[in-house]
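Visitor: sequence? don't have it. structure:
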């Protein structure tokens, strides 16, 4: 069984406990999801500050909406990432900002310098930005969901309305690109 | 491609680039959990684990309350050893003893010893008494232990005032004249009232002697308490504490105290109650004859007495 599927099942159980008022489950969900949500939003917005604001918004939504989550309506991971995407969409609608992948190089470079004083980290960030900028829209989405959000193929398929088989094929190609441009 | 086949995740250094700042993660977590607590009306502080713990504690408390109530009932009703609630009665006694102040322990233990004596008597009166021999043996051991504990506790915390009065009253009226008389005239079987009355041949004899030995070992103590009793008892009459014997003027019987354990005497046992009418004869002195079996109709009394 795919490791990410196991994780997804575990998160679903935690969500059900959180819904019933289990604070520890809510805490465990946060610890597991924050790095992924933040990474996803950071890749999308390219701004640490905005990624932080949006990540907080996502978890506020989680608290507000957890009562509506039902296992009958699908796995928690899909439900949660749909919330994340909606928060991001709302952000773009309100602020009319541009997604990361179409930032001008200079703007991104300047932003990276001010927000990442660590040179090595900034260089890695620059490399990552270049890599994502070079992906097609469908590849970028798969990259974010599969490798940043660490969702299972099954959940991504449910979320994007695609078959798992086509996602696996696309992921294989993406893997080669990642290995080639980001290294190991 | 090795890291992909191994982990199927981004290289660690790339993931680190996308990781949130620790301070942000911690602050945001506090806000998130505060919001969650508010949304769940404070109950969020108690997760499933806590609820399970609370429910378990509640169930345990309910069981404890039931046991306590049943034990109290068994104790108040003074159920016999053959009753299924008897262990709970003993449990209630243990609890009473555990929570009692040190000064009250000797009296309490003696009252429990009196209960054991009543229980043994009740079994002895049963036509099927023989079937309960193991139970009688066990109860007699309990009796022995309770008397010994009472004496030991009294030695540590000498009784005074009201507690001493209670102690004295237990040593007397707890065993009625009728019982004593019945014992005095009974055959040599277990029909008496330990620890103060004796059995004859056979049944329970070893245990009876054991009680006697323990009392004998503490006879100085017993005598001291006995010596205090007369002045405390209502009426203050008929007590003679002197060489040969001592008695308690409770009107129905007296406690004879051992002075010496007759060497080789099988009839030696715990202090025994005799009808009030016998006091005078007992008070006339110790001639050593009372240590003999059979001379008093099956009732054994102490051959010696230690006064103060």
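Guide: Perfect, I can see it now. This structure is a prediction, so every number in the text was calculated from the model and none was measured.

Visitor: Could you tell me the per-residue confidence at the closest residue in space to residue A:73 that isn't next to it in sequence?
Guide: For residue A:73, the nearest residue in space outside its immediate sequence neighbours is residue A:79; the separation is 7.0 Å by CB to CB, 6 or more residues apart in numbering or on different chains. Quick note: C-beta positions are derived from backbone N, CA and C, even for glycine. Each residue has a pLDDT score; the one for residue A:79 is 91.

Visitor: In the helix or strand containing residue B:96, which residues are buried?
Guide: Take DSSP states H and E as the rule and residue B:96 turns out to sit in helix B:86-99. The neighbour-count criterion (16 or more other CB atoms under 10 Å in any protein chain shown) identifies B:86, B:88, B:89, B:90, B:91, B:92, B:93, B:96, B:97 as the buried residues of helix B:86-99.

Visitor: Chain A next: which of the residues you listed are close?
Guide: Contacts with chain A are made by none of the buried residues of helix B:86-99, judged by CB under 8 Å from any CB of the partner chain.

Visitor: Show me the two of the residues you listed that sit farthest apart.
Guide: Checking the buried residues of helix B:86-99 against each other with CB to CB, the farthest-apart pair comes out as B:86 and B:97, at 16.6 Å.

Visitor: circling back to that earlier point, could you name the helices and strands sitting against the helix holding residue B:96?
Guide: For helix B:86-99, the elements it packs on are helix B:48-76, helix B:105-124, judged by 3 or more CB pairs under 8 Å, 6 or more residues apart in numbering or on different chains; DSSP states H and E.

Visitor: lowest-confidence stretch among these?
Guide: Of all the helices and strands packed on helix B:86-99, the segment with the smallest mean pLDDT is helix B:48-76, scoring a mean of 80.

Visitor: so what's the residue nearest to residue A:73 up against?
Guide: Applying CB atoms under 8 Å, 6 or more residues apart in numbering or on different chains to residue A:79 gives the contacts A:15, A:69, A:73.

Visitor: gap between it and residue A:85?
Guide: In this structure, residue A:79 lies at 11 Å from residue A:85, with CB to CB, to the nearest Å as the measure.

Visitor: quick one, what contacts residue A:41?
Guide: Remark: with contacts taken as CB under 8 Å, 6+ apart, residue A:41 is in contact with A:50, A:51, A:54, A:55, A:58, A:84, A:88.

Visitor: Try it again at 10 Å.
Guide: Contact partners of residue A:41, counting by CB atoms under 10 Å, 6 or more residues apart in numbering or on different chains, are A:47-48, A:50-55, A:57-58, A:84, A:87-88, A:91, A:100, A:144, A:148, B:18, B:20.

Visitor: Including distance to residue A:32 and mean neighbour count, could the helices and strands packed on helix B:86-99 go into CSV?
Guide: Below are these laid out as CSV (distance: least, CB to CB, whole Å; neighbours: other CB atoms under 10 Å in any protein chain shown):
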stretch, distance to residue A:32, mean neighbour count
helix B:48-76, 17, 13
helix B:105-124, 59, 22
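
Visitor: how about the ones you listed in JSON lines, adding distance to residue A:22?
Guide: Rendered in JSON lines, the data for the helices and strands packed on helix B:86-99 read as follows (distance: least, CB to CB, whole Å):
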{"stretch": "helix B:48-76", "distance to residue A:22": "5"}
{"stretch": "helix B:105-124", "distance to residue A:22": "49"}
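
Visitor: for those, which one sits closest to chain A?
Guide: The closest of the helices and strands packed on helix B:86-99 to chain A is helix B:48-76. By CB to the nearest CB, the value is 4.7 Å.

Visitor: okay, and the helix or strand of chain A with the least pLDDT?
Guide: For chain A, using mean pLDDT, DSSP states H and E, the weakest element among its helices and strands is helix A:105-115, scoring a mean of 48.

Visitor: So, low pLDDT: which residues of the chain?
Guide: Let's take chain A. Low-confidence regions of chain A, defined by pLDDT under 70, span residues A:1-5, A:95-119, A:121, A:183-184.

Visitor: Sorry, I should have been clearer: chain B.
Guide: Across chain B, the stretches falling below the confidence threshold (pLDDT under 70) are B:1-8, B:42-51, B:157-308.

Visitor: Surely residue A:21 is within a helix?
Guide: No: inclusion of residue A:21 in a helix is not indicated when DSSP: H, G, I helix; E, B strand; the rest coil is applied; the result is coil.

Visitor: check contacts around the residue most central in space within chain A.
Guide: Closest residue to the average C-alpha location of chain A: residue A:40 at 3.1 Å, with CA atoms, centre = their mean. Residues in contact with residue A:40, defined by CB under 10 Å, 6+ apart, are A:33, A:51, A:54-55, A:58, A:81, A:84-85, A:88, A:144-145, A:147-151, B:18.
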